[in-house]
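J.: could you work out the structure for the sequence below:
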Amino acid sequence: MEIFNNLMMCGVVGFTALNLLQSPAIQQSFSNINSGNVSTASAPEDIKKAVSEAGINDGQFTWAIAHILKVEGGWSNHPSDRGGATKYGIIESVAKRHGLNVASITVPQATKIYHTDYWIASGANKAPNPLNL
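T.: Sure thing, here's the model as predicted:
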């Protein structure tokens, strides 16, 4: 049974990664990486500014969060989304845990949450691009 559960988890992770990998921004980055030109796979200036405002100085994280925010989008409160109200991919319960209101969360605040709760906590900060995404 444990083997089946592990295979199922790999399938879920693989499916999620596949969806992320279909993003045009990710495809362009892979194209740049595969051609040996990783330097052109950089984040837009507004994302660089948000990362800086969050007090984070990590180029790989800046690259990754730019792609994540493109996929996650802005505000959402769809009735069939079990996560409820979401902004920049941050769900209401996570925002509350950080003392924030999800409806008014800013990009730098969301960036800080991604950095502490996901980037560092998952060990992505130790993985190379694009695996850290």
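J.: show me the contacts for the nearest residue to residue 106 once chain neighbours are set aside.
T.: Leaving aside its sequence neighbours, residue 106 sits nearest to residue 50 (Cβ to Cβ, 6 or more residues apart in numbering; 7.8 Å). Just so you know, the C-beta spots here come from the backbone N, C-alpha and C atoms, and that holds for glycine as well. By Cβ atoms under 8 Å, 6 or more residues apart in numbering, residue 50 lies in contact with 65, 106-108, 111.
J.: and if we set it to 10 Å?
T.: By Cβ atoms under 10 Å, 6 or more residues apart in numbering, the contact set of residue 50 is 43-44, 56, 62, 65-66, 69, 88, 106-112.
J.: turn the buried ones among these into a named PyMOL selection, would you?
T.: Burial among those is assessed by 16 or more other Cβ atoms under 10 Å; the matching PyMOL selection reads:
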select buried, resi 43+56+62+65+66+69+88+107+108+109+110+111+112
